[in-house]
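J.: sequence and computational prediction follow.
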Amino acid sequence: MLWQSPPPMLQLDRQHLHLWRIDLNGGADRDYWQCLSRDERERAERFRFDRDRTRFVQSRGSLRYLLGRYLDKAPVDITFAYGPYGKPHCPQAEHLSFNLSHSDDQALCAVAHSRLVGVDVEQYRDLTYFDSLSRRCLAESELADLARLPDHQRQPLFLQYWTCKEAYLKAIGCGLTRSLTSVHVQLHPPRLLAGVDSGDWRLHLAELEGYAAAVVVDGDVLITGYLWT
């Protein structure tokens, strides 16, 4: 995927999806804190470490700025409502669907028109209790794919499976309230995903050095990658 600078005017229809890459080390020229709602500030204050608090504020503030561009509103005027499992949506524009994920210093935000969408990103890293974790999260076919690889390639593949599954569960609004084993992923082309419903789900992998990342959307779309600066 080519990450490019966005055009001055953003146009989004049902045939397209915009995927934004957000560098959480940037944004020093924006006062993200001031555009957050009271509940977002309270959530930020609950973070134990300053680094985690700062990254939450930057990712959430960036989401407000992005949605403001689509809706022609100031970031502070964006309002959120939440589904039963915490997935946010914007009552001011129900046709606009979005999802945000961040890991370490990178965040991804997917924005679609009248389609369910989920995104997940995970930094490649050493995983504690990897063997038991993979058995709890992967289907038998996925475990078999893992077993065919040399040791140093297994954890990156597991994280790629993880992002695909979590992106789907976020798209349907359940998050990790459902078992990851309820989602089946085929990464060999054609990439396929099957979950707890019979929707027409499409799986896309995002190229991000040092990270596994995936987008799941209901239906066929063209994806454009933008850099948020």
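T.: The structure has been received and is ready for your questions.
J.: give me the three-state assignment for the residue nearest the centre of the chain.
T.: What sits nearest the mean C-alpha location of the chain, by CA atoms, centre = their mean, is V119, with 2.6 Å. Here V119 is strand, with the state taken from DSSP: H, G, I helix; E, B strand; the rest coil.
J.: now do the same contact list for it.
T.: 19, 99-101, 108-110, 167, 170, 206, 213-216 (CB atoms under 8 Å, 6 or more residues apart in numbering). For every residue, glycine as well, the C-beta is placed using N, CA and C.
J.: confidence score at it?
T.: Looking at V119, its pLDDT is 98.
J.: returning to that earlier point: in strands, which of the contacts of V119 appear?
T.: L19, N99, L100, S101, L108, C109, A110, A213, A214, V215, V216 (DSSP state E).
J.: correct me, but the third one touches L108?
T.: Put plainly, it is L100. Yes: look at L100 against L108 with CB atoms under 8 Å: they come within range, at 7.4 Å.
J.: and these two? Which one has more around it.
T.: The neighbour count for L100 versus L108, taken as other CB atoms under 10 Å, is higher for L108 (27 against 21).
J.: residues in contact with the more buried one?
T.: Residues near L108 by CB under 8 Å, 6+ apart: 19-22, 100-102, 119-121, 206, 208, 213, 215.
J.: what's across from it in the sheet?
T.: Beta bridges link L108 to R21, S101 when assigned by DSSP bridges.
J.: check which residues of stretch 103-121 are buried.
T.: 103-113, 115-121 (16 or more other CB atoms under 10 Å).
J.: grab the nearest non-local neighbour of the residue nearest to the centre of the chain.
T.: Closest residue in space to V119, ignoring its immediate chain neighbours: A110 at 4.2 Å, by CB to CB, 6 or more residues apart in numbering.
J.: relative to I223, how far out is the nearest residue to V215 once chain neighbours are set aside?
T.: Nearest non-adjacent residue to V215, counting by CB to CB, 6+ apart: H204, 4.5 Å away. Distance from H204 to I223, counting by CB to CB, to the nearest Å: 6 Å.
J.: okay, those two: which has more neighbours?
T.: Legend: neighbour count by other CB under 10 Å for H204 and I223, higher for H204 (19 against 16).
J.: what about E140, how many residues close to it?
T.: Residues contacting E140 under the criterion other CB under 10 Å number 8.
J.: what pLDDT does it get?
T.: E140 is assigned a pLDDT of 94 by the prediction.
J.: just checking, P91 touches A81?
T.: Yes: assessed by CB under 8 Å, P91 is found in contact with A81 at 5.2 Å.
J.: which of the two has more neighbours?
T.: Shown here are P91 and A81; by other CB under 10 Å, A81 has more neighbours (11 against 8).
J.: list phi and psi for that one.
T.: phi -120, psi 160 (degrees, to the nearest 10).
J.: residue contacts, it?
T.: Contacts for A81 (CB under 8 Å, 6+ apart) come out as P88, H89, C90, P91.
J.: for L12, same thing?
T.: With contacts defined as CB under 8 Å, 6+ apart, the neighbours of L12 are H18, Y70, L96, V111, A112, H113.
J.: can you tell me which of those is closest to L176?
T.: Among the contacts of L12, A112 lies closest to L176 (CB to CB), at 21.7 Å.
J.: ok, which stretches of this structure are strands?
T.: Ranges of strands in the chain, per DSSP E, are 3-4, 16-23, 81-82, 88-89, 96-103, 106-113, 117-123, 184-186, 192-194, 201-205, 211-218, 222-228.
J.: which among the contacts of V119 end up buried?
T.: Looking at the contacts of V119 with 16+ other CB under 10 Å, the buried ones turn out to be 19, 99-101, 108-110, 167, 170, 206, 213-216.
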